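**Student:** Starting from these lines, generate the structure:
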Amino acid sequence: MDKLSINPCNLCPRECNVHREEGQTGYCRSDDRIFIARAALHMWEEPCISGEKGSGTVFFSGCNLRCVYCQNYEIAAGGRGKVVSVERLAQIFLRLQEQRAANINLVTPDHYVPGVAEAVLMAKEQGLVLPVVYNCSGYAKREVIKSLTGIVDIFLTDFKYMDPALASKYSSAPDYPAVAKEALDEMVNITYIEGNKNTPLFDENGMMQRGVIVRHLLLPGHKQNAKDVIRYVYETYGDSIYISLMNQYTPFDWLRDHPEYGELGRKVTKREYESVVDYAIDLGIMNAYIQEGDTARESFIPPFDVRKE
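**Tutor:** Coordinates of the predicted model:
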């Protein structure tokens, strides 16, 4: 972890080159302090992550992507939440373990990687035995993912775009497809143990202990982008990873009348989602999670209450 520095900070593909230890902030709007917005048991992840006990989830403030449709917009802008030290973060992990969490789930930790990794190692020295989940946008440098070898057990990663134009329009990241491909490849490299390279590891209760889950949130009007993502992931990795197809996109009122993003001002239709699911089935995908019913509701947006910490 010594090679990763936030002074100057080039942790992510934005390469802002700011000196965060001196109070400067880049695209993620984060200085050298670690901000968390929530730490609690979370029941709304995939079944093999949340299970019946809940995932021990820590939501970090700030983001290096900040999509225009972000469901966690309250904290994505950074500076919201509670400042915690590395030592305190390690204690939070241990407290979640005491609450019988299924795992430790790090949500949007990319811009805090050096401190978060240190906290995980510190917690492990003090008795943390739960799998560690790295829950991210997929917009991460390959070398940063590689640095998590021996620290992270499960990658729960988005793969948002195969279309650079969409990535540019909605996330100001035209390089997202290329970056996400490299990051995903490294996630697979470091999570599959020798002798078991093509199969995720589960315990007797069906809870993932090691492996990769790729999430794709279907956006209204963008079935083709979804199908392109699914095809790339499956043709590259087959059933060695799990794919999670999500229909829970929640439109915000301001998008409906926005001249540039008006197409995002509605929910995904049942027909759109079924078309994408059918495409995945026709490809032959076996390891996938799908959502049923009207899941696009506010309940999927957790309350960011630092008192839970």
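**Student:** give the contact list for residue 232.
**Tutor:** Contacts for residue 232 (C-beta atoms under 8 Å, 6 or more residues apart in numbering) come out as 159, 162, 181. From N, CA and C alone the C-beta is placed, and that goes for glycine too.
**Student:** Start and end of stretch 257-265, how far apart?
**Tutor:** Length of stretch 257-265, first residue to last, C-alpha to C-alpha, to the nearest Å: 8 Å.
**Student:** Quick one: mean pLDDT over that stretch.
**Tutor:** On average, the pLDDT along stretch 257-265 is 93.
**Student:** quick one: buried residues of it?
**Tutor:** 261, 264-265 (16 or more other C-beta atoms under 10 Å).
**Student:** Closest one to residue 238 out of those, please.
**Tutor:** residue 264 (32.0 Å; C-beta to C-beta).
**Student:** Distance check, that closest one against residue 161.
**Tutor:** Noted for residue 264: a distance of 14 Å to residue 161, by C-beta to C-beta, to the nearest Å.
**Student:** what helix or strand is residue 75 on?
**Tutor:** helix 73-76 (DSSP states H and E).
**Student:** Just the buried positions in the helix or strand bottoming out on mean pLDDT in the chain, please.
**Tutor:** The helix or strand of the chain with the poorest confidence is helix 73-76; it has a mean of 74 (mean pLDDT, DSSP states H and E). Within helix 73-76, the residues that count as buried by 16+ other C-beta under 10 Å are 74-76.
**Student:** okay, the residue nearest to residue 284 when sequence neighbours are not counted: pLDDT?
**Tutor:** Using C-beta to C-beta, 6 or more residues apart in numbering and skipping the chain neighbours, the partner closest in space to residue 284 is residue 234 (7.6 Å). Reported pLDDT at residue 234 in the predicted model: 97.
**Student:** Could you pull up the residues touching residue 234?
**Tutor:** For residue 234, the contact set (C-beta under 8 Å, 6+ apart) comprises 243, 280, 283-285.
**Student:** and it, how far is that from residue 38?
**Tutor:** According to C-beta to C-beta, residue 234 and residue 38 sit 33 Å apart.
**Student:** What of residue 209?
**Tutor:** In this structure, residue 209 lies at 24 Å from residue 38, with C-beta to C-beta as the measure.
**Student:** Looking at the two, which is more packed in?
**Tutor:** Between residue 209 and residue 38, counted using other C-beta atoms under 10 Å, residue 38 has the larger neighbour count: 23 against 15.
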